[in-house]
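In: can't give you the sequence, but here's the structure:
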């Protein structure tokens, strides 16, 4: 009798609200339990020119030598490896690695670690190490019986 292996799980962090939770290793996308928005979990490989508004994933982003990404914001949970060109604001919970012909140009770059090979180019504000602030807990709504009674009493007094 063959034993079935339990699928390995990995911890991811929502790139929108910061909520941390676990998913299966094979998960490609999932709704965030914190903000209920759809999250991309899979790794992204860019081999050509990619103009987008947002390039976001909880996985890793890899830009090949001939790859170029132009985006308003680039977010990655597991880090970014760049042999090509990146343009835009970068936020990553992992590290950013720029190869010898790699380049980044943007308003700001926030990363836990930065690895720059000789020949790489950086243009913009860089903050390393960067730790994303923890999400704030929302205060719970009070729906006590006393507040309901006050509302009922107020409506009863309005009679003719």
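Out: That came through, no problem. Note that the coordinates shown come from a computational prediction; the quantities given were computed from them, not determined experimentally.
In: what's the least confident helix or strand in the chain, going by average pLDDT?
Out: One helix or strand of the chain scores below all others by mean pLDDT, DSSP states H and E: helix 145-157, with a mean of 45.
In: which outside residues touch stretch 99-107?
Out: The set of residues external to stretch 99-107 that reach it, using Cβ atoms under 8 Å, 6 or more residues apart in numbering, is 63, 65, 81-90, 96, 98, 117-125. C-beta: built from backbone N, CA, C; applies to glycine.
In: let's go with 10 Å and repeat that
Out: Residues external to stretch 99-107 that are found in contact with it (Cβ atoms under 10 Å, 6 or more residues apart in numbering): 63-65, 67-74, 80-90, 96, 98, 114-126.
In: And that stretch, what's buried?
Out: Neighbour-count burial for stretch 99-107 flags 99, 102-104, 106 (criterion: 16 or more other Cβ atoms under 10 Å).
In: Could you work out the end-to-end span of it for me?
Out: 20 Å (Cα to Cα, to the nearest Å).
In: Let me see the mean pLDDT of that stretch.
Out: Averaged over stretch 99-107, pLDDT sits at 95.
In: how distant is it from the center of its chain?
Out: Centre-to-centre, stretch 99-107 and its host chain are 20 Å apart (Cα atoms, centre = their mean, to the nearest Å).
In: okay, and for this structure, where does confidence drop off?
Out: 1-7, 132-160 (pLDDT under 70).
In: one more time with 90
Out: Scanning the chain for pLDDT under 90 picks out 1-8, 10, 15-18, 25, 127-160.
In: partner residues bridging residue 95?
Out: Here residue 95 sits in beta bridges with residue 113, as judged by DSSP bridges.
In: Shouldn't residue 22 be within a strand?
Out: Yes. Counting by DSSP: H, G, I helix; E, B strand; the rest coil, residue 22 is part of a strand.
In: Hmm, it is touching residue 9, no?
Out: Yes. With contact defined as Cβ atoms under 10 Å, residue 22 counts as touching residue 9 (4.6 Å).
In: Please identify which of the two sits among more neighbours.
Out: When residue 22 and residue 9 are compared for neighbours, residue 9 comes out ahead with 12 against 9, by other Cβ atoms under 10 Å.
In: In contact with that one, which residues?
Out: With Cβ under 10 Å, 6+ apart, residue 9 has these contacts: 21-25, 27.
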